[in-house]
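Undergrad: sequence and predicted structure below; questions after.
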There are 2 protein chains.
Amino acid sequence: MGMLETISEQRLHGGVQGVYRHHSEACAGPMRFAVYQPPQATRQLCPVLYFLAGLTCTEETATIKAGAQRLAAELGLVLVMPDTSPRGTGIDGATGDWEFGEGAGFYVDATAAPWSTHFRMQRYVADELPALIAAQFPVDTALSGLCGHSMGGHGALTLALKYPQRYRSVSAFAPIVAPSQVPWGRKALPRYLGDDPAAWADYDACELVRRQTFGGTILIDQGEADPFLEAQLKPELFDQACAEAGQPLLLRRHAGYDHSYWFITSFIDDHLRHHAAALGLS
Amino acid sequence: MGMLETISEQRLHGGVQGVYRHHSEACAGPMRFAVYQPPQATRQLCPVLYFLAGLTCTEETATIKAGAQRLAAELGLVLVMPDTSPRGTGIDGATGDWEFGEGAGFYVDATAAPWSTHFRMQRYVADELPALIAAQFPVDTALSGLCGHSMGGHGALTLALKYPQRYRSVSAFAPIVAPSQVPWGRKALPRYLGDDPAAWADYDACELVRRQTFGGTILIDQGEADPFLEAQLKPELFDQACAEAGQPLLLRRHAGYDHSYWFITSFIDDHLRHHAAALGLS
């Protein structure tokens, strides 16, 4: 997993907010991530919540804007915020398009050239990073939760549905739930995975939930003033898929809220409490 | 006061986070500021808290990083976050130095050329902006509080001590309390105000508190791992000046905290409650 380099560590709510860099095997290059350690982490192993960010974001975005640390400090929850893709890949076409490439990894393991050499964010988030976190931070990896926003909500839902034994809880803000059917996914998935829709289905929450449900209620918050709601997000598709699959889902719609981190921070405490309950913290 | 232009308004914690632009007479140019209106503001006039940011900051900094809106929504407190200086002044030397000029207005009314044409942040923050806020937002201007960080803490303390009838409460994070005696002030004040130390004293909290005290306890939080503590901040000077002047001061020192917004957000709720009590909200 390579050496862990500390970029910064600062006191926050009685704990430590850190940013770190390491060499990722999955992404074949350096990756950054942020970790918040609550005060309890100096005395005991703590449950851990991964937060996956959306298009254009980095490890800094949720760290600065989600406002999750205040209640995490109270609950005793470690927060891990990874970057959204490999960086500095040098691949032609990897930068300059906010919907694809760097900043837009879609939490898939790319199989199509040239992306397959670096863009393996599923493996990174589900395997490599948790192993690194377990080795370097005071976390109880048996107690892991997964949350995400937009493209990161897609990441959270798909990873939780694929690896339900690894996560005790999952939630999402304004997630992409049916990438096989919406423009963002129809643009990115064929380039990362090739043209066979069967490959896309492996990264489509609406498809995955029909194969295997998650052992707990999925919490999703969605703003009704979200400009991406109708064309890209379509939560009703996941609502229907969960109903058909027998997957418990709590889908909340909030009038007036948009797609921004102002929406996330307005409801992040509810998500932390959702995870805390599943992780034995409340 | 000029027309008010809405740059953005977004739903946040049941209220509205907005960013606005207007032509400022005091600063002789366009100025931006951010306002958070809590849910209560749709039904009644609310008390208002001004937050003055520090060197290099804009109206966005505290808005995004301080995390004040969550409790403001609960308490029913309007938040106003101005920019830290005029912008786009075109004055030679106004940009390129983070300690002076644009982003470093020091909340003074400059009297020395060429700065006196635009750099009148005292008048802007104490007169022009409150009049605009009163005219355009549902605030009870008789219930105003003032808070700030670093250079903005200097702004909060000096304005509250100069205009104690305008503010019911004042607090600061890691403020510059003796600009006449520290490098930041010794660099900026002579350029804005000329070489006479008597002019600097009008913007020095340690001097001002000896002339006139503030009608309430001043709350100051200071991190002990703040890299600017010894050379620039020197809270002990204000502690002594307040003791000599009979000014009630609650100066709290926090081990391990630095000068960043992680420090601010860790204690912002205490500041909001301090103001809420003085503003009749609790």
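TA: That came in fine, so what should we check first? Numbers count the residues shown, from 1 in each chain, chains lettered A, B, ... in the order given.

Undergrad: please name the residues that touch A:Val170.
TA: Residues near A:Val170 by CB atoms under 8 Å, 6 or more residues apart in numbering or on different chains: A:145-147, A:156-157, A:160, A:214, A:216, A:218-219. From N, CA and C alone the C-beta is placed, and that goes for glycine too.

Undergrad: could you give the mean pLDDT of the helix or strand containing A:Val48?
TA: A:Val48 is part of strand A:46-52, with elements assigned from DSSP states H and E. Strand A:46-52 carries an average pLDDT of 98.

Undergrad: state the mean pLDDT of the helix or strand following that strand.
TA: Later in the chain than strand A:46-52, the nearest helix or strand by DSSP H and E is helix A:59-65. For helix A:59-65, mean pLDDT rounds to 98.

Undergrad: ok, which residues in the stretch 1-150 of chain A are in contact with chain B?
TA: Contact residues (CB under 8 Å from any CB of the partner chain) of the stretch 1-150 of chain A with chain B: A:10-14, A:17, A:64-65, A:67, A:69-70.

Undergrad: redo that, cut-off 7 Å
TA: A:10-13, A:17, A:64-65, A:67, A:70 (CB under 7 Å from any CB of the partner chain).

Undergrad: which one of those residues sits closest to B:Val78?
TA: Taking CB to CB as the measure, A:Gly67 is the one of the residues of the stretch 1-150 of chain A next to chain B closest to B:Val78, at 19.2 Å.

Undergrad: where does that closest one sit relative to A:Ser144, distance-wise?
TA: 21 Å (CB to CB, to the nearest Å).

Undergrad: wait, what's in contact with A:Gln40?
TA: Neighbour list for A:Gln40: A:46, A:76 [criterion: CB atoms under 7 Å, 6 or more residues apart in numbering or on different chains].

Undergrad: wasn't it part of a strand?
TA: No - secondary structure of A:Gln40 (DSSP: H, G, I helix; E, B strand; the rest coil): helix, not part of a strand.

Undergrad: how close does it sit to A:Leu79?
TA: Distance from A:Gln40 to A:Leu79, counting by CB to CB: 13 Å.

Undergrad: I'd like to know how many residues surround A:Gln44.
TA: 9 (other CB atoms under 10 Å in any protein chain shown).

Undergrad: could you pull out the strands in chain A for me?
TA: Secondary structure of chain A by DSSP state E: the strands cover A:4-12, A:15-24, A:29-37, A:46-52, A:78-82, A:139-149, A:169-173, A:218-223, A:249-254.

Undergrad: okay, those in JSON lines with distance to A:Ala201 next?
TA: Rendered in JSON lines, the data for the strands of chain A read as follows (distance: least, CB to CB, whole Å):
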{"stretch": "strand A:4-12", "distance to A:Ala201": "36"}
{"stretch": "strand A:15-24", "distance to A:Ala201": "26"}
{"stretch": "strand A:29-37", "distance to A:Ala201": "27"}
{"stretch": "strand A:46-52", "distance to A:Ala201": "20"}
{"stretch": "strand A:78-82", "distance to A:Ala201": "24"}
{"stretch": "strand A:139-149", "distance to A:Ala201": "19"}
{"stretch": "strand A:169-173", "distance to A:Ala201": "19"}
{"stretch": "strand A:218-223", "distance to A:Ala201": "19"}
{"stretch": "strand A:249-254", "distance to A:Ala201": "19"}
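
Undergrad: out of the ones you listed, flag the one nearest A:Phe106.
TA: Comparing the strands of chain A by CB to CB, strand A:46-52 comes nearest, at 10.5 Å.

Undergrad: which other helices and strands does the closest one contact?
TA: With contacts taken as 3 or more CB pairs under 7 Å, 6 or more residues apart in numbering or on different chains; DSSP states H and E, strand A:46-52 sits against strand A:78-82, strand A:139-149, helix A:151-162.

Undergrad: and the angle for that strand with strand A:169-173?
TA: 30 degrees (axes from the mean of the first three to the mean of the last three CA atoms, to 10 degrees).

Undergrad: tell me the contacts of the spatially most central residue of chain A?
TA: By CA atoms, centre = their mean, chain A has its centre lying nearest to A:Leu52, at 2.3 Å. Counting by CB under 7 Å, 6+ apart, A:Leu52 makes contact with A:82, A:107, A:125, A:148, A:152, A:155-156.

Undergrad: what about chain A, any weak spots by pLDDT?
TA: Counting by pLDDT under 70, chain A has low-confidence residues at A:1-2.

Undergrad: can you do 90?
TA: By pLDDT under 90, the low-scoring segments of chain A are A:1-3, A:282.

Undergrad: check contacts around the closest residue to A:Gly194 other than its chain neighbours.
TA: Setting aside the residues directly before and after it, A:Gly194 is nearest to A:Ala112 in space (CB to CB, 6 or more residues apart in numbering or on different chains), at 4.9 Å. Counting by CB under 7 Å, 6+ apart, A:Ala112 makes contact with A:191-194.

Undergrad: so which of the residues you listed is the closest to A:Ser171?
TA: Closest to A:Ser171, out of all of those and judged by CB to CB, is A:Tyr192, at 24.9 Å.

Undergrad: wait, that closest one touches A:Ala110, no?
TA: Yes - with contact defined as CB atoms under 7 Å, A:Tyr192 counts as touching A:Ala110 (4.0 Å).

Undergrad: identify the contacts common to those two.
TA: Contacts common to A:Tyr192 and A:Ala110, judged by CB under 7 Å, 6+ apart, are A:Phe119.

Undergrad: by proximity to chain B, which residue of the stretch 51-200 of chain A wins?
TA: In the stretch 51-200 of chain A, no residue comes nearer to chain B than A:Gly67, which is 5.3 Å away by CB to the nearest CB.

Undergrad: not counting its neighbours along the chain, what's nearest that residue?
TA: A:Thr265 (4.1 Å).

Undergrad: surely that neighbour and A:Ala68 touch.
TA: No - contact between A:Thr265 and A:Ala68 fails when scored by CB under 7 Å: they sit 8.2 Å apart.

Undergrad: now do the contacts for the residue nearest to A:Gly67.
TA: By CB under 7 Å, 6+ apart, the contact set of A:Thr265 is A:65-67.

Undergrad: go on, A:Leu161?
TA: A:Leu161 makes contact with A:205, A:208-209, A:212, A:214 under the criterion CB under 7 Å, 6+ apart.

Undergrad: just the buried ones from the residues you listed?
TA: Neighbour-count burial (16 or more other CB atoms under 10 Å in any protein chain shown) applied to the contacts of A:Leu161 gives A:205, A:208-209, A:214.

Undergrad: what is the neighbour count of the residue nearest to A:Leu219 when sequence neighbours are not counted?
TA: If the residues on either side of it in the chain are set aside, A:Leu219 comes closest to A:Ser171, at 3.9 Å by CB to CB, 6+ apart. Residues near A:Ser171, counting by other CB under 10 Å, number 29.

Undergrad: who is A:Ser171 paired with across the strands?
TA: A:Cys147, A:Leu219 (DSSP bridges).
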